[in-house]
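# Here is a sequence with its predicted model. Questions after.
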Amino acid sequence: MYEIQLHPANIRKQVRYYFLSRRAFHWLLGALVPLALVMLAGVVLLPFSLRTLLLSDELRGLRQQNRLQLNVLAKRTAALTRVERDVEAARTRQRQMSLILGAPQSSSMPEGVIGAGPEPGFAQAAQALRRGLALDAASRQLVTLSGELARFAAANRELTASVPSICPIPIGSFVLTSPFGDRLSPFTNAADFHAGIDLAAREGTPVVAAGGGRVAFAGSFPLRRQTRWWRYGKVVVLSHHGGYLTVYGHLESITVRRGQQLRRGERLGTVGNTGWSTSPHLHYEVRVIREKRDEAEPADPRIFILNYQWKGHEALLDRGYAAPPGAFDPLPGLVDAR
């Protein structure tokens with residue numbers, strides 16, 4: 001038996017006595033000891049708990065700040081990609097203009113600045129910085145080349161005004177059905193070299209001069225064995241300054257006459273289905289008279305068209321545009337290519 005005395009602070013009050021059996025005392029002791037240990041652990045661990053809580057709040061704040069920074073970085077990376085594509089398109093256009101005008105191309109021309117896809121975190125930021133520096137260098141080179149081209153164009157105004165550089169029928173009104181180069185003839189099913197491009201369009205669609213020039217021929221060629229130009233039906237041939245000629249075949253109507261001077265974009269006829277043709281379309285050729293040669297060699301017209309972006313445009317520039325010797329029909333004598 002155990003006796004427990006409780007003495008009040010006021011001595012006038014009576015002392016209280018409690019008697020516990022040995023078993024009850026052990027039970028009370030067993031209950032109070034774990035409680036005391038829990039309270040002691042709470043007192044010891046309380047500072048660590050408060051620190052953990054504070055660190056957790058700070059970590060959440062850092063994570064939120066990190067998400068905001070990543071969002072800003074993603075937006076800037078997307079904007080950088082758009083600018084890179086614009087610079088890449090400008091680079092291709094500058095290269096194309098240098099090619100068709102015969103202007104010198106800069107040997108320091110950038111080969112491309114579009115980088116790989118975005119990476120998370122610091123790697124993405126470092127990559128964006130590298131891409132930005134490359135973009136800045138490419139932009140400066142493009143500005144330099146633009147100035148060179150502008151000076152060349154100013155010194156060669158007649159060439160700039162006459163070179164065939166636009167699509168001869170309205171953008172959005174045609175479908176490319178047969179490109180420049182080797183193909184199977186739709187009539188003989190034999191190997192055939194296509195000296196131009198076929199642009200399918202509605203009959204009556206207006207056809208315009210791709211560049212300023214003189215009408216070297218307007219009409220239909222007679223049927224002859226030595227030349228196959230009669231296949232083009234009603235055709236117009238323009239002679240341009242700088243040794244360029246353009247051919248517009250299978251026309252429905254012709255609105256110009258031989259010897260007439262045309263400006264770029266001036267109407268010369270309409271799309272038709274005349275000659276050797278399966279459906280209404282425009283057969284369009286660009287021919288180039290090389291230096292020290294009298295022959296007008298076909299070139300891929302897509303390279304000369306500046307107001308339309310062809311699929312695989314960069315590959316067209318890489319391949320070049322010259323036709324293989326002997327693969328094309330020479331100009332008929334009726335064409336005044338002076």
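Thanks, I have the structure now.
# Can I get stretch 207-215 in PDB, CA atoms only?
Output in PDB follows, covering the C-alpha atoms of stretch 207-215 (Å, rounded to 0.1, in the frame of the first residue of the first chain):
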ATOM      1  CA  VAL A 207      -1.000  35.100-116.100                       C
ATOM      2  CA  VAL A 208       1.500  37.900-115.500                       C
ATOM      3  CA  ALA A 209       5.000  38.700-116.500                       C
ATOM      4  CA  ALA A 210       7.400  37.400-113.800                       C
ATOM      5  CA  GLY A 211       9.800  40.200-114.600                       C
ATOM      6  CA  GLY A 212      10.100  43.200-116.800                       C
ATOM      7  CA  GLY A 213      11.000  42.300-120.400                       C
ATOM      8  CA  ARG A 214      10.200  42.300-124.100                       C
ATOM      9  CA  VAL A 215       7.800  39.800-125.800                       C
END
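# Pull out the buried positions in it.
Neighbour-count burial for stretch 207-215, with 16 or more other C-beta atoms under 10 Å as criterion, is recorded at 207, 208, 209, 210, 211, 212, 213, 214, 215. Where C-beta positions appear, they are placed from N, C-alpha and C, glycine not excepted.
# Mind checking which of those residues land in strands?
Mapping those onto strands (DSSP state E) picks out 207, 208, 213, 214, 215.
# so which two of the buried residues of stretch 207-215 are the farthest from each other?
Maximum pairwise distance in the buried residues of stretch 207-215, criterion C-beta to C-beta, is 16.7 Å, between 207 and 214.
# check contacts around the spatially closest residue to residue 100 that is not a sequence neighbour.
Nearest residue to residue 100 in three dimensions, chain neighbours excluded: residue 304, at 5.1 Å (C-beta to C-beta, 6 or more residues apart in numbering). Listed by C-beta atoms under 8 Å, 6 or more residues apart in numbering, the contact partners of residue 304 are 100, 163, 164, 165, 210, 286.
# Does the fifth one touch residue 164 like I think?
The one in question is residue 210. Yes - using C-beta atoms under 8 Å, residue 210 is in contact with residue 164, at 3.6 Å.
# shared neighbours, those two?
238, 246, 286, 304.
# re earlier: export the contacts of residue 304 as JSON lines, with columns for distance to residue 186 and pLDDT.
Formatted as JSON lines, the contacts of residue 304 follow (distance: C-beta to C-beta, whole Å; pLDDT from 0 to 100):
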{"residue": "100", "distance to residue 186": "29", "pLDDT": "70"}
{"residue": "163", "distance to residue 186": "31", "pLDDT": "89"}
{"residue": "164", "distance to residue 186": "26", "pLDDT": "93"}
{"residue": "165", "distance to residue 186": "29", "pLDDT": "89"}
{"residue": "210", "distance to residue 186": "25", "pLDDT": "96"}
{"residue": "286", "distance to residue 186": "22", "pLDDT": "94"}
